[in-house]
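Peer 1: Below: sequence and its predicted model.
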Amino acid sequence: MDHDALRLFLHLTETLHFGKTSRACNISPSALSRQIQRMEDEVGQKLLERNNRKVMLTEAGLLFRDYARSVLAGWQNLMNKLMDDKSVLKGEISIYCSVTASLSVLPGLLTAFRSSYPDVHIRLQTGDAAVAIRKVLDGETDIAVSALPEKIPGVLNFKILTETSLVFIAPKIPWAFSHALKENMIWKDIPMILSERGLARKKIDAWFKKQRIQPNIYAQVSGNEAIMSMVSLGCGIGIVPKLVVEKSPLKNSVLILALDSLLDPYTVGICVQKRKMNSPLIRAFWEIETESR
């Protein structure tokens with residue numbers, strides 16, 4: 001089966017959205033649908049259930065996803081063994097990160113890597129940073145930019161890139177609780193906008209518990225960018241890594257509150273399954289990171 005078609009299918013299993021996959025892979029939605037239809041015809045079963053609202057993998061689709069991953073991994077492994085000169089590396093690396101990381105952490109790494117290995121294709125996917133490590137563990141991506149977990153899974157290598165503080169942010173515009181902020185009454189009634197999961201949320205919950213504070217949670221959202229957006233609109237106070245504020249297009253719409261050192265810092269790095277370090281492509285990216293720090 002065509003490798004490019006398998007890559008399209010795998011991308012679709014990640015987004016579960018024909019429009020997103022077609023845009024990311026530079027293919028029209030109709031052409032993407034035809035590719036999926038051809039695969040379904042060849043397999044003889046439905047791989048995806050589709051309606052106007054969502055796309056879901058069937059049982060056959062789940063099995064075919066594992067097959068596609070295995071085929072592409074086997075192909076890349078063969079290419080790795082055939083390479084006798086790492087200066088002409090070819091193939092593909094998949095990287096998962098948040099939007100903020102794609103603007104702050106990755107540019108230097110990717111520029112250096114592409115300069116050294118221009119024939120390697122990088123497939124970048126962005127999303128919620130809280131699921132980055134799970135993406136690597138499940139084999140959905142080769143490398144992920146992630147917060148340093150409290151305990152690193154034994155099958156992973158993790159390399160620290162940077163450290164940033166967690167900060168409290170408030171709307172810059174006048175809003176219902178502007179006066180309460182000035183009176184230092186921020187924990188009484190002010191609505192809080194927090195990440196729904198992830199290491200930052202664990203740190204925040206632990207801090208609230210230690211302070212014996214019952215926060216007034218207005219919203220729990222996926223991703224720091226969503227917190228920035230809701231805070232800038234005057235919905236409440238948020239807590240995000242300072243790096244997020246510095247790289248956000250909304251940085252001039254929020255205020256960092258003078259509550260330094262209240263929360264433990266937030267360490268960011270890249271992670272990969274140890275077994276994948278045998279790949280010249282993965283190893284080359286890892287070494288580029290070391291050289292560019």
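Peer 2: Structure received. What you see is a predicted model; the values in this text were computed from it and never measured.

Peer 1: would residue 268 count as being in a helix?
Peer 2: No. Counting by DSSP: H, G, I helix; E, B strand; the rest coil, residue 268 is not part of a helix but strand.

Peer 1: neighbours of it, just the number please.
Peer 2: For residue 268, the neighbour count with other CB atoms under 10 Å is 24. Bear in mind the C-beta positions are built from the backbone N, C-alpha and C, glycine included.

Peer 1: Over to residue 191?
Peer 2: Using other CB under 10 Å, residue 191 has 18 neighbouring residues.

Peer 1: quick one: contacts for it?
Peer 2: With contact taken as CB atoms under 8 Å, 6 or more residues apart in numbering, residue 191 is in contact with 177, 216, 217, 218, 219, 235, 236, 237.

Peer 1: And the helices in the stretch 151-293 of the chain?
Peer 2: Assigned helices in the stretch 151-293 of the chain, in chain order: 178-182, 199-210, 224-232, 242-247, 280-292 (criterion: DSSP state H, counting those that start in this stretch).

Peer 1: on that earlier part again, list just the nearest of the contacts of residue 191 to residue 58.
Peer 2: Proximity of the contacts of residue 191 to residue 58 (CB to CB) peaks at residue 219, which lies at 33.8 Å.

Peer 1: quick one: that closest one and residue 193 touch, right?
Peer 2: Yes. Counting by CB atoms under 8 Å, residue 193 is a contact partner of residue 219 at 4.9 Å.

Peer 1: Looks to me like residue 144 is in a strand.
Peer 2: Yes. Counting by three-state DSSP, residue 144 is found in a strand.

Peer 1: and stretch 45-62, C-alpha only, in PDB?
Peer 2: Taking C-alpha atoms only, stretch 45-62 is exported to PDB below (Å, rounded to 0.1, in the frame of the first residue of the first chain):
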ATOM      1  CA  GLN A  45     -14.100  -2.800   5.500                       C
ATOM      2  CA  LYS A  46     -15.100   0.700   6.800                       C
ATOM      3  CA  LEU A  47     -12.100   2.300   8.500                       C
ATOM      4  CA  LEU A  48     -13.900   5.500   9.500                       C
ATOM      5  CA  GLU A  49     -17.400   6.400  10.500                       C
ATOM      6  CA  ARG A  50     -18.300   9.900   9.300                       C
ATOM      7  CA  ASN A  51     -21.200  12.300   9.700                       C
ATOM      8  CA  ASN A  52     -21.600  16.000   9.600                       C
ATOM      9  CA  ARG A  53     -20.400  16.400  13.200                       C
ATOM     10  CA  LYS A  54     -17.500  14.000  13.800                       C
ATOM     11  CA  VAL A  55     -15.100  11.300  12.500                       C
ATOM     12  CA  MET A  56     -14.500   8.100  14.400                       C
ATOM     13  CA  LEU A  57     -12.300   5.100  13.900                       C
ATOM     14  CA  THR A  58     -14.100   1.800  13.500                       C
ATOM     15  CA  GLU A  59     -12.600  -1.400  15.000                       C
ATOM     16  CA  ALA A  60     -11.100  -2.200  11.600                       C
ATOM     17  CA  GLY A  61      -9.800   1.400  11.500                       C
ATOM     18  CA  LEU A  62      -8.000   0.900  14.900                       C
END
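
Peer 1: contact partners of it?
Peer 2: Applying CB under 8 Å, 6+ apart, the set of residues contacting stretch 45-62 from outside is 9, 12, 13, 16, 17, 18, 36, 39, 40, 43, 64, 65.

Peer 1: if I read this right, residue 213 contacts residue 188, doesn't it?
Peer 2: No. Taking CB under 8 Å as the definition, residue 213 is not a contact partner of residue 188, at 9.5 Å.

Peer 1: And residue 68, its phi and psi?
Peer 2: Here is the backbone geometry of residue 68 (degrees, to the nearest 10): phi -60, psi -40.

Peer 1: Residue 95 too?
Peer 2: For residue 95, the backbone dihedrals (degrees, to the nearest 10) come out as phi -130, psi 140.

Peer 1: That one contacts residue 123, doesn't it?
Peer 2: Yes. Counting by CB under 8 Å, residue 95 does reach residue 123; the two are 7.2 Å apart.

Peer 1: Those two: who's more crowded?
Peer 2: Using other CB under 10 Å as the criterion, residue 95 and residue 123 rank with residue 95 on top: 24 against 17.
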